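In: Got a predicted structure plus its sequence, pasted below:
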Amino acid sequence: MTAPRCPYRLFTAALVLGLLLAPGCARRPSIELSPAEKRFLAEHPVVTWAPARAYAPVEWVDDAGQVKGLCPDYLTLLGRKLGVRFEPVITTDWDDALAHVRDHRVDMVSALTDLPERQGEFLFTAPYLDLPTVLLVRTGDKTATLDGLGTRSLAIERGYALSERLVRAAHPKVQLVEVDGIDDGLQRLALGEVDAALADLGQASWSIERLHLTGIRVAGPIPELPAPFAMGIRGDLPLLRSALDKALASLTDEEKLDLRRRWISLHVLGWQITPWMVAIGVGALAAIAILLVLLWNRALRRQVQERTSELEMAGEALQILTLTDTLTGLKNRRYLDTAMPEDEARVKRLHIDLRLRPERLHKNVDLLFAMIDLDAFKSVNDVHGHAAGDRVLQHVSAALRDTIRDTDTVVRWGGEEFLVVARNTDRAEIPLLVKRLREAVAARPCDLGNGTLLPCACSIGFALMPFLCAEPDYLGWEAVVKLADRCLYVAKRNGRDRAVGLIAADDATSAELGPLLEDLAALARSPRVRAFTSSGRVEDVDWLSG
């Protein structure tokens, strides 16, 4: 039943609107350092910090020993503002990183919760990063809180003594299972080895996407666990703390959003919008005072409904996030597992229905898989750096997205590889479609942002589904994608910047072509297959590399 309008609703709406608009309208002050702070920074042009080894996407150390993540990007920006360089010092684990700060072997850590027991050991900046801790369960599990978990098992990361202590104190019946990091906990949850897991929302989204996990949902936030992060600085450097506070205060909303956008999907940011959460809290307090005179019970029901809606939105946001590549905004490989079974069934059904009407058989009913690999991409990272490589991937993603139709999909396959899924295609038009994809990449040099225009080129391998029109059930979509991938390697082997593909004759059968599938050269030479190359003659193509 809809509640009647009342002055409380108007008051709350105005209050929420003001709080939401205020952060964007506020003018950020410039950095005004004291003479002592300027002198300190001049004497300490290099500030050392100990990153967490495995806390993606906040910060982590990759296999090459490079420190990546949201916090390193924050430090790069703050370093430019303060005129210093932040140099990472790799430690064995998080406890060792904190020990390095306590012992004055490094100057700071970038992400640390300000707790009473840590006062005296560290100096803390103002909190600048807030990633809420959430409870994750398997899809279909109706559990919404730690209380609802009862005596079932909960995966919690080993080494985080504070979180373990708080959970044990508030929920002593829950069976805690220590795991070796968030990846381990979420994998055990997906396999049913534990009933639930704890992670902050950024970690959860990053791990679920990277590990291609399915069947996991966000049950809800864990408000009793501390979420805001500050920078933790060794106790004898108060001038560094005060300079960092001023630099953090000078960051604009746009700068902070740009930093987060690279590592955490906007769907996650949309769920945890800090002004929104503040507005809800302040609005609730105002409602308490007003509803002492009006309708307390109705206000309470409304707050419950709003909170339920927020949790539903968070679950939907995470579901979208698990199917989206954070760097490019394209669909990821997990998306194929969700979408392809329906597309595969539709294509097979159409071919079975249309075999009685051969004049319409190939009129926009086929499914094209075009595997695309950027040529010489490794040299981009080696010469221009990984940031330039990321820019090239985003640039090519936009070029491919602008070229395809609304019914088609571009998937970030991994690294510098993309997969275009073109639905409702005509086999006679496939070479033209593939040509447009290759030319779209080559036509737009990538602006690296420093005045450098970098030419781009790609190689393409393609195949169609169904592979055999006479037997639509013969190969599943995964097998057709694998065939397209093998054609891609043939294109790379034969000089790059070209497209290579195979299209079977309309009446070809599995008895004729099945024995040839493992030998791509024999398959390409078969009179029952049309081999295609965009450069040179088909007869000159070396198929053995496939």
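Out: Now that the structure is in, tell me what you want to look at.

In: can you give me the strands for the stretch 251-400 of the chain?
Out: 366-374 (DSSP state E, counting those that start in this stretch).

In: my bad, the stretch 401-546 of the chain
Out: Using DSSP E, counting those that start in this stretch, strands in the stretch 401-546 of the chain cover 409-414, 417-425, 446-447, 453-454, 458-465, 499-504, 529-533.

In: residues near Ala345, how many?
Out: 10 (other CB atoms under 10 Å). Bear in mind the C-beta positions are built from the backbone N, C-alpha and C, glycine included.

In: on that earlier part again, could the strands of the stretch 401-546 of the chain be laid out in TSV, adding distance to Pro341?
Out: Below are those laid out as TSV (distance: least, CB to CB, whole Å):
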stretch	distance to Pro341
strand 409-414	14
strand 417-425	13
strand 446-447	35
strand 453-454	39
strand 458-465	12
strand 499-504	22
strand 529-533	27
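
In: Nearest to Ala247, out of those strands?
Out: Of all these, strand 446-447 sits nearest to Ala247, with 28.7 Å by CB to CB.

In: who touches that closest one?
Out: For strand 446-447, the surrounding residues in contact (CB atoms under 8 Å, 6 or more residues apart in numbering) are 391-392, 395-396, 453-454, 456.

In: give me every residue that touches the spatially most central residue of the chain.
Out: The centroid of the chain falls nearest to Thr326 when counting by CA atoms, centre = their mean (3.1 Å). Listed by CB under 8 Å, 6+ apart, the contact set of Thr326 reads 57, 205-206, 209, 262-265.

In: Just list the residues touching Asp114, thanks.
Out: Residues in contact with Asp114 (CB under 8 Å, 6+ apart) are 124, 127, 228, 230.

In: and these, which of them are in strands?
Out: Residues of these located in strands (DSSP state E): 124, 228, 230.

In: from memory the first one sits against Gly235, does it?
Out: Which is Phe124. No. If you go by CB atoms under 8 Å, Phe124 and Gly235 don't touch, sitting 10.6 Å apart.

In: lowest-pLDDT helix or strand in the protein?
Out: helix 266-271 (a mean of 36; mean pLDDT, DSSP states H and E).

In: on that earlier part again, relative to Leu240, which of the strands of the stretch 401-546 of the chain is closest?
Out: The nearest among these, by CB to CB, is strand 446-447 at 36.5 Å.

In: partners of the closest one in the sheet?
Out: Strand 446-447 sits in its sheet next to strand 453-454 (antiparallel), going by DSSP bridges.

In: Figure out how far the partner strand is from the centre of its chain.
Out: Centroid separation between strand 453-454 and its chain, computed with CA atoms, centre = their mean, to the nearest Å, is 26 Å.

In: Let me know the average pLDDT across it.
Out: Across strand 453-454, pLDDT averages out at 92.

In: ok but Glu178 is inside a strand, no?
Out: Yes. Counting by DSSP: H, G, I helix; E, B strand; the rest coil, one finds Glu178 located in a strand.

In: which residues in the stretch 1-150 of the chain form helices?
Out: Remark: helices assigned in the stretch 1-150 of the chain by DSSP state H, counting those that start in this stretch are 7-25, 35-43, 70-82, 94-102, 146-149.

In: Who are the packing partners of the fourth one?
Out: Meaning helix 94-102. In terms of contacts (3 or more CB pairs under 8 Å, 6 or more residues apart in numbering; DSSP states H and E), helix 94-102 is packed against strand 108-112, strand 228-234.

In: Could I get the buried residue list for whichever helix or strand comes after the longest one?
Out: Put plainly, it is strand 228-234. The helix or strand immediately downstream of strand 228-234 is helix 238-250, counting by DSSP states H and E. Along helix 238-250, these residues count as buried under the neighbour rule (16 or more other CB atoms under 10 Å): 239-248, 250.

In: give me the low-pLDDT residue ranges for the chain?
Out: Residues of the chain that meet the criterion pLDDT under 70 lie in 1-30, 159-162, 226-227, 265-297, 299-300, 304, 306-321, 353-363, 545-546.

In: Give me the spatial nearest neighbour of Pro445, chain neighbours excluded.
Out: Distances taken as CB to CB, 6 or more residues apart in numbering place Leu453 nearest to Pro445, at 4.1 Å, with adjacent residues excluded.

In: Then Arg102?
Out: Using CB to CB, 6+ apart, the closest residue to Arg102 is Glu121 (5.6 Å).

In: got the contact list for that neighbour?
Out: Contacts of Glu121 by CB under 8 Å, 6+ apart are 101-102, 235.

In: out of the residues you listed, who has the most neighbours?
Out: Top of those by neighbour count (other CB under 10 Å): Val101, with 25 neighbours.

In: for the nearest residue to that one once chain neighbours are set aside, which residues make a bridge with it?
Out: Of all residues beyond its chain neighbours, the one nearest Val101 is Arg234 (5.2 Å), with distances taken as CB to CB, 6+ apart. With DSSP bridges as the criterion, Arg234 is bridged to Phe122.

In: residues near Arg234, how many?
Out: Counted with other CB under 10 Å, Arg234 comes out at 22.

In: thought Val529 was touching Asp506?
Out: No. At 11.5 Å, Val529 does not count as touching Asp506 under the criterion of CB under 8 Å.

In: With neighbour numbers in mind, choose between the two.
Out: Val529 (19 against 14).

In: Would you enumerate the residues in contact with the more buried one?
Out: By CB under 8 Å, 6+ apart, the neighbours of Val529 are 502-505, 508, 513, 523.
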